[in-house]
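Asker: Sharing a model that was predicted from the sequence below.
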Amino acid sequence: MSSLKDKRIVIIGGSAGIGLQTAKEASRRGAKVVIAGRTLERLKTAADEIGGKVETYQVDATTEAGIKAFFSRVGPFDHLTVLVPSAPDKSLSSKLGLFLDMEPATFDTVFRNRFWSQCWAARYGAPHMSKEGSIVFMSSSQPRKTIPRYSASCAAAGAIESLARILAIELAPIRVNVIAPGFIQTPGTDHIPPERRAMWDKIAQAQPVKRLGEVQEIAEGMLFLMENGFATGTTLDIDGGYRFT
């Protein structure tokens with residue numbers, strides 16, 4: 001296992017939820033943390049929570065131009081992860097529905113948030129990374145066990161896992177892995193409509209681990225994939241056993 005001490009870690013979406021928790025834990029392990037997000041106020045608050053020397057950058061990770069400009073400013077670094085939620089607010093979450101009922105624009109937005117933000121980050125970030133570094137993509141449990149109304153996020157998650165496998169070869173020796181969380185309690189779950197949250201709770205009770213996951217558990221998995229120098233092309237499921245239900 002390699003150490004994260006003095007390694008420069010870029011976390012796009014590092015101002016809240018899993019990204020913020022990953023930044024906190026990385027900082028505790030001695031890493032140099034760079035967090036990026038859309039809102040300056042949230043970035044400042046996150047930096048204060050992380051403590052120590054934290055670099056912050058404002059970026060709209062859902063645009064290719066924004067991602068490209070961001071990496072031109074960041075400079076050399078070691079590890080990268082991108083955590084843009086599929087549905088970051090109540091207005092979008094409320095529009096998710098069955099495939100034939102969902103507006104194409106909603107499907108496109110979810111796919112752009114989940115897939116293209118990570119794809120562009122790998123494209124423009126990899127040239128600045130150290131050869132001992134790694135990329136950790138964010139997928140979900142949906143490609144292995146999906147449920148109705150998740151067609152867009154399922155498609156995007158499957159695409160990012162496929163991309164990771166080919167990039168593990170093309171970008172070597174940079175390692176490329178994926179973490180696939182199940183149903184996780186984050187600040188973003190507050191945006192879920194009540195009927196869908198009730199469904200989440202029902203799903204959780206049917207799992208071997210009968211609860212929603214916590215952001216700390218996902219953050220630890222992400223840092224494990226960064227530290228383990230023999231892991232590449234791997235998808236790490238941390239889902240409480242959801243895929244077995």
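Answerer: Sure, I can see it.

Asker: and the spatially most central residue of the chain, how far is that from Pro148?
Answerer: Nearest residue to the geometric centre of the chain (C-alpha atoms, centre = their mean): Leu83, 3.0 Å. Separation of Leu83 from Pro148 (C-beta to C-beta, to the nearest Å) stands at 25 Å. Bear in mind the C-beta positions are built from the backbone N, C-alpha and C, glycine included.

Asker: Equivalent analysis for Gln185, please.
Answerer: Taking C-beta to C-beta as the measure, Gln185 falls 22 Å from Pro148.

Asker: I figured the residue nearest to the centre of the chain was touching Ser15, is that so?
Answerer: No. Leu83 is beyond contact range of Ser15, at 9.7 Å (criterion: C-beta atoms under 8 Å).

Asker: Quickly list what's touching both of these two.
Answerer: Common contacts of Leu83 and Ser15 (C-beta atoms under 8 Å, 6 or more residues apart in numbering): none found.

Asker: remind me which residues of the protein are low pLDDT?
Answerer: Where the chain drops to pLDDT under 70, the residues are 1-2, 87-90.

Asker: 80 instead?
Answerer: 1-2, 86-94, 187-193, 196 (pLDDT under 80).

Asker: Show me where it has its helices.
Answerer: Using DSSP state H, the helices of the chain run over 17-28, 40-50, 64-74, 90-93, 104-111, 117-125, 151-170, 194-206, 215-227.

Asker: And the contacts of the second one?
Answerer: For helix 40-50, the surrounding residues in contact (C-beta under 8 Å, 6+ apart) are 14-16, 20, 23-24, 27, 33, 35-37, 54, 56-58.

Asker: Next step: these restricted to strands.
Answerer: Using DSSP state E, the members of these that fall in strands are Val33, Ile35, Ala36, Gly37, Val54, Thr56, Tyr57, Gln58.

Asker: Weed out the non-buried ones from those residues.
Answerer: Buried by 16 or more other C-beta atoms under 10 Å: Val33, Ile35, Ala36, Gly37, Val54, Thr56, Tyr57, out of these.

Asker: The second one - nearest residue in space that isn't next to it in sequence?
Answerer: Nearest non-adjacent residue to Ile35, counting by C-beta to C-beta, 6 or more residues apart in numbering: Gly14, 3.1 Å away.

Asker: who's in contact with the one you found?
Answerer: Leu20, Thr22, Ala23, Val33, Val34, Ile35, Ala36, Gly37, Ala46, Leu83.

Asker: Those into CSV, with extra columns for distance to Asp101?
Answerer: As requested, those are arranged in CSV below (distance: C-beta to C-beta, whole Å):
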residue, distance to Asp101
Leu20, 34
Thr22, 35
Ala23, 38
Val33, 41
Val34, 40
Ile35, 37
Ala36, 34
Gly37, 32
Ala46, 36
Leu83, 28
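
Asker: and which of those residues is nearest Ile192?
Answerer: Distance to Ile192, by C-beta to C-beta, is smallest for Leu83 among those, at 17.2 Å.
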